[in-house]
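[1] Structural data only, the sequence is not supplied:
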């Protein structure tokens, strides 16, 4: 649950009641995530999932990169908008939990377009020659700035980049944060807003979603 949902749960329910329904496979995945994981709040969830789906459908990307798979909910939202010959590469290092996204990826009608890799994203980005037109990052916050720097040469003009949890439960308002993750998130938000190669907006959805577009 996010900082904003805690402040006004009634509004969150209203928004969900007036948002397009999630596919049945996502309902089942969301339920199983809450049943079988110790940190189910890490899932993208209903509202953010529908936003990811719409953004993907609007841009119709051919090559998506996701850093931080968790149980695969966001992956299955993003793949809805992929071009017919497109691919999504989703990266995570949690081998113990990997059975869950694998299960739902195999069930999905888009199974042939999902490349799930248990690999460190920094290593992947340093090795790959691929160019991406959509990137979603919801992983270890202390590496957000490094991820931003590493993806810059790997995205084309017009590409969409999304960072999750960029309001960090309101901690970004702290003048001199002691927590390293808060410092890094604040640095990322500052960098993205001042980089002349990009245009950006922070959406106060759940725990904050930084939407960045390469010019």
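    Received the coordinates, thanks. From a predicted model like this one, the values you see are computed outputs, not experimental measurements.

[2] What's the per-residue pLDDT of residue 16 here?
    On the pLDDT scale, residue 16 is placed at 89.

[3] Wasn't it part of a helix?
    Yes - the assignment for residue 16 is a helix, going by DSSP: H, G, I helix; E, B strand; the rest coil.

[4] Can you name the residues that contact it?
    Contacts for residue 16 (CB atoms under 8 Å, 6 or more residues apart in numbering) come out as 46, 47. To be clear about C-beta, it is placed using only N, CA and C from the backbone, and glycine gets the same treatment.

[5] Kindly report the same for residue 43.
    Residues in contact with residue 43 (CB under 8 Å, 6+ apart) are 30, 33, 34, 70, 71, 73, 74.

[6] Residue 189 is in contact with residue 201, isn't it?
    No - Residue 189 is beyond contact range of residue 201, at 11.1 Å (criterion: CB atoms under 8 Å).

[7] For the two, list the residues in contact with both.
    Residues touching both residue 189 and residue 201 (CB under 8 Å, 6+ apart) are residue 210.

[8] what about the closest residue to residue 147 other than its chain neighbours, distance to residue 212?
    Nearest residue to residue 147 in three dimensions, chain neighbours excluded: residue 137, at 5.5 Å (CB to CB, 6 or more residues apart in numbering). Here residue 137 is placed at a distance of 10 Å from residue 212 (CB to CB, to the nearest Å).

[9] joint contacts of the two?
    Counting by CB under 8 Å, 6+ apart, the residues touching both residue 137 and residue 212 are 161, 162, 163.

[10] Quickly find the element holding the second one.
    To tie it back to what came earlier, the one meant is residue 162. For residue 162, the element it lies in under DSSP states H and E is strand 155-164.

[11] can you list the residues that contact that strand?
    When contacts are defined by CB under 8 Å, 6+ apart, strand 155-164 is touched by residues 44, 48, 52, 55, 59, 61, 68, 131-138, 144, 148, 151, 188, 192, 198, 207-215.

[12] For that strand, list every residue counted as buried.
    Buried positions in strand 155-164, judged by neighbour count with 16 or more other CB atoms under 10 Å: 155, 159, 160, 161, 162, 163, 164.

[13] As TSV, those with pLDDT and distance to residue 9 would be great.
    Below are the buried residues of strand 155-164 laid out as TSV (pLDDT from 0 to 100; distance: CB to CB, whole Å):
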residue	pLDDT	distance to residue 9
155	98	36
159	98	35
160	98	30
161	98	30
162	98	24
163	98	25
164	97	20
